[in-house]
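1. mind folding the following:
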Amino acid sequence: MFAKLIVVLLVIIVGSFLWYFMKSKVSAAHQQVRDRAIDGNFGRAITAGPATKHLTMMGRTLTLGADPTRAGELISHIATSDDRVTDIHPEQGAIVIQIDGSYPRVRAQLMPDRTVIGVEAMTWEMGFPQGAAVWDRIATAISQAATHQGIPVGEGAREFAKDEHASGKPEVWTVRVP
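-> Numbering: from 1, shown residues only. Prediction:
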């Protein structure tokens, strides 16, 4: 009985070591294949369509025709209700919203006659801008709530460019200044 228990334990220990090393080899091989696909034309071809859609979603801006206090309260209320929003803080004449810890970063410029809200910076990883679905969900909720409250809402678009001054990985993209 004791000998069978030791054999079972040895099989489990040896199997665990084999599993660990095999899993790391498969993960490393998978990582290399993924990197080659993204760096090669095949990866670009596959991600081009969805990336363009996500980039369009990230460029969506809203203009709320309300006083800054009312618009700021509405935006803060909607943003805090989303689980992926990690920080909301006021700045001079603005509200800054961070999604997933740091990016995308959304800024609501609070002006006396209107408020313009949109993404000002984002990260680009794995062939896509990150956080597009979250921003689209928040923007849609803000637009619907504002319309429900009788606040005029206008939509616009922004373009982005890779920020060459930001170092490291992932890539940071910011609003293109004309």
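
2. CA atoms for contacts and neighbours, from now on please.
-> OK.

3. point out where this protein drops to low pLDDT.
-> Within the chain, the stretches with pLDDT under 70 are 17-50, 127, 166-169, 178.

4. how does it look with 90?
-> Scanning the chain for pLDDT under 90 picks out 1-59, 82-83, 85-87, 99-105, 121-133, 157-178.

5. quick one, strands of it?
-> For the chain, applying DSSP state E gives strands covering 60-64, 85-91, 94-99, 105-110, 115-125, 128-129, 153-157, 160-162, 171-175.

6. kindly reformat those strands as JSON lines containing mean neighbour count and distance to residue 138.
-> Below are the strands of the chain laid out as JSON lines (neighbours: other C-alpha atoms under 10 Å; distance: least, C-alpha to C-alpha, whole Å):
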{"stretch": "strand 60-64", "mean neighbour count": "21", "distance to residue 138": "11"}
{"stretch": "strand 85-91", "mean neighbour count": "15", "distance to residue 138": "9"}
{"stretch": "strand 94-99", "mean neighbour count": "21", "distance to residue 138": "10"}
{"stretch": "strand 105-110", "mean neighbour count": "22", "distance to residue 138": "10"}
{"stretch": "strand 115-125", "mean neighbour count": "22", "distance to residue 138": "10"}
{"stretch": "strand 128-129", "mean neighbour count": "22", "distance to residue 138": "16"}
{"stretch": "strand 153-157", "mean neighbour count": "14", "distance to residue 138": "14"}
{"stretch": "strand 160-162", "mean neighbour count": "16", "distance to residue 138": "19"}
{"stretch": "strand 171-175", "mean neighbour count": "19", "distance to residue 138": "19"}
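
7. which stretch among the ones you listed comes nearest residue 6?
-> strand 115-125 (47.8 Å; C-alpha to C-alpha).

8. mind giving me the domain ranges of this protein?
-> 1-39, 54-175 (automatic domain parsing).

9. now the residue nearest the centre of the chain: closest residue in space that isn't a chain neighbour?
-> The chain has residue 131 as the residue nearest its centroid, 1.9 Å off, counting by C-alpha atoms, centre = their mean. The shortest distance from residue 131 to any non-neighbouring residue, by C-alpha to C-alpha, 6 or more residues apart in numbering, is to residue 104 (6.1 Å).

10. ok, the one you found to residue 125 distance?
-> Distance, residue 104 to residue 125, using C-alpha to C-alpha, to the nearest Å: 12 Å.

11. ok, back up a step: among the strands of the chain, which is nearest residue 145?
-> Nearest to residue 145, of all the strands of the chain, is strand 153-157, at 10.0 Å by C-alpha to C-alpha.
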